[in-house]
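> A predicted structure for the sequence below; I have some questions about it.
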Amino acid sequence: MNTFYKNHIKIVILFCSFFALTVTFLYSCKQEEYVDEVSSSPGVLKFDYPSLVNAVNIADVTKGDDRITFPVRIALENPANSTFTVNLQPEPQLAISQTVANGAVINFPDFSMPQSVEVRFGTRNVTFNVAVSASAIERNYGKNLVFAITLANPSKSQKLDESKKSVVLTLSTTDVAKIDELHFLSFTAAASNPNQVVTQLTSPNLTANNASFDSNGFLIKAQVDLGGKASRGFKTSVAYNADTLKKLVAKGLLPAGTAILTNAAMDLNDVDLGDYKNSTVVEMRINIDSIFARFPSKVAVAFTLSNPEKYQVNAAKSTLVYLIDPLRIFSDITKVLKNTSQPFKTSTIDPNQGRWGVLSGWLFNAQGNTRQSYSLTNELNGSYGSFDNNNSTQIAFESGYIAADYGKPGGAPTSPNITNGKIYQTVLLPAGTYKFDANIRGGVTTDNTKGAYGVAAIGTNIPDIAAPTTPANFVGRVAINGSGSKSFTFTLNAAATVSMGFVATLSGSQAVNISGVTLTRTLNP
């Protein structure tokens, strides 16, 4: 009985196995019948749209933080006879060639898509997603974005419908974004300044307006804001805007005589807004020499946000205008003079020794450069002496130091006595109280007939050393009778051309050496 049972079980197992194999075989045959229904010839691939130019269906759009996406359809005339791929490429020239009302053509990276799409065996259509950046929408808000895509290089000998291998898509920016969703860039300080009312920079309010200065530049720091939800970081430029300044002058919104600088006077940084940040600070530096070159005129500057990599600029809040009043900012106005500190520069120097020279930027009489130097052929090399290359360079008078080879060709420069030698500069100054200060390395015994003085006078010259207070144009002097700071003050009741510098009458072995000059002014209230 057990043997019969065992044999019966074996028969059942064999029958089930046979049945399973039969079902598998029949199923395989069904698949082959399905394959037979698919055309064995390559399919013809095309974009599934009624015309070349098509509007994106807003109902298909999905919004993200920094982009919107929507599907694009590809179709075959018959089910695909194999799995294959087809490449996707942007076609900017095709987009440009189309006439779209209020259109703005965009290209990568403002829109993106896969590099290729896989079409599976047996399918008749496939979709892929296109993404358009939020910044492209916002930069062109109010317009219809236009962009084109083309199919290329299908694999496995598949064919393209040449008349429909490309599609031009248009996207209405106002349909996909509302005005209150936009990200506008603006200057924080411009928020209270929409009508280009000028921010006046004076000494009391520099800190409040994030402005400062040093010997090299005038620095303004300004905060830039991004409205809306922050996303990935980006940059935008800050441009110097002279056109705005000219318009303000024409409208009488800037004082008469206001100086407008050139772009060369600016050192501007890009605005770098970091990832997921809504504000940052940008620095604008103005060359301080450019400001003093127009002294005492007020100087106007204007800066405008432009060319953002993402989003757009709020036109009403994109420009900052500053009026710099040097008479209410700079007490140290030494920069109105030239060549005032070590290392002093020369316009020429003695080729024999290289020690004595002529100061650059200063004026002289003949006694201000008394040293005579001769060449080896006994020709006069020139007159020097206002510049001494010793001791880190200095302004100098020197007399009485006669070299052993005095008067010989190629010898050391002669050093005769000096009578009313003058070294000075002339500058136009506004009304005010001034202090002229000289840092003296070495002085001499001084009285009203000899020695050396720092002196200033109205006009284009400085007085002689004898009774220098006698001329009506005299404004101040100080004896150079030792080392250290030697200064005097003077007051102008009206703007005037003033000459200031040094006068000396020396004999024998005497020298005066000056290592620096400053000119300061009491600030206007």
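Cool, got the structure.

> Which parts of the protein are helices?
2-37, 92-97, 134-139, 173-176, 242-250, 288-292 (DSSP state H).

> For the residue nearest the centre of the chain, list the residues it contacts.
Taking Cα atoms, centre = their mean, the centroid of the chain lies closest to L268, which sits 2.5 Å from it. Contacts here follow Cβ atoms under 8 Å, 6 or more residues apart in numbering; on that basis L268 touches S237, V238, A239, Y240, M284, R285, F303. The C-beta positions use only the backbone N, C-alpha and C, and glycine is treated the same way.

> Out of these, which comes closest to F213?
R285 (9.5 Å; Cβ to Cβ).

> Relative to V301, how far out is the closest one?
11 Å (Cβ to Cβ, to the nearest Å).

> Which of the two has more residues huddled nearby?
Using other Cβ atoms under 10 Å as the criterion, R285 and V301 rank with V301 on top: 25 against 18.

> OK, contacts around that one?
V301 neighbours (Cβ under 8 Å, 6+ apart): I220, Y240, L245, L261, M266, M284, I286, V321, Y322, I324.

> Next, format these as JSON lines and append neighbour count, distance to S399 and pLDDT.
JSON lines is the format used below for these (neighbours: other Cβ atoms under 10 Å; distance: Cβ to Cβ, whole Å; pLDDT from 0 to 100):
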{"residue": "I220", "neighbour count": "24", "distance to S399": "50", "pLDDT": "96"}
{"residue": "Y240", "neighbour count": "20", "distance to S399": "52", "pLDDT": "95"}
{"residue": "L245", "neighbour count": "23", "distance to S399": "53", "pLDDT": "92"}
{"residue": "L261", "neighbour count": "21", "distance to S399": "45", "pLDDT": "92"}
{"residue": "M266", "neighbour count": "18", "distance to S399": "48", "pLDDT": "93"}
{"residue": "M284", "neighbour count": "21", "distance to S399": "51", "pLDDT": "95"}
{"residue": "I286", "neighbour count": "23", "distance to S399": "45", "pLDDT": "96"}
{"residue": "V321", "neighbour count": "22", "distance to S399": "56", "pLDDT": "94"}
{"residue": "Y322", "neighbour count": "21", "distance to S399": "51", "pLDDT": "94"}
{"residue": "I324", "neighbour count": "27", "distance to S399": "45", "pLDDT": "95"}
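
> Please flag which of those sit within strands.
In strands, defined here by DSSP state E, the members of the contacts of V301 are I220, Y240, M266, M284, I286, V321, Y322, I324.

> Which strand residues bridge the residue lying closest to T188 once chain neighbours are set aside?
Nearest residue to T188, sequence neighbours excluded (Cβ to Cβ, 6 or more residues apart in numbering): Q223, at 4.0 Å. Per DSSP bridges, the residues bridged to Q223 are V281.

> what sits against Q223?
Here Q223 is in contact with F187, T188, A189, S279, T280, V281 (Cβ under 8 Å, 6+ apart).

> how about the closest residue to the first one other than its chain neighbours, what does it touch?
Nearest non-adjacent residue to F187, counting by Cβ to Cβ, 6+ apart: L320, 5.2 Å away. Residues in contact with L320, defined by Cβ under 8 Å, 6+ apart, are F187, A189, A190, N193, T199, I220, A222, A302, F303, T304.

> Which ones among the residues you listed map onto strands?
Short answer: the contacts of L320 in strands (DSSP E) are F187, T199, I220, A222, A302, F303, T304.
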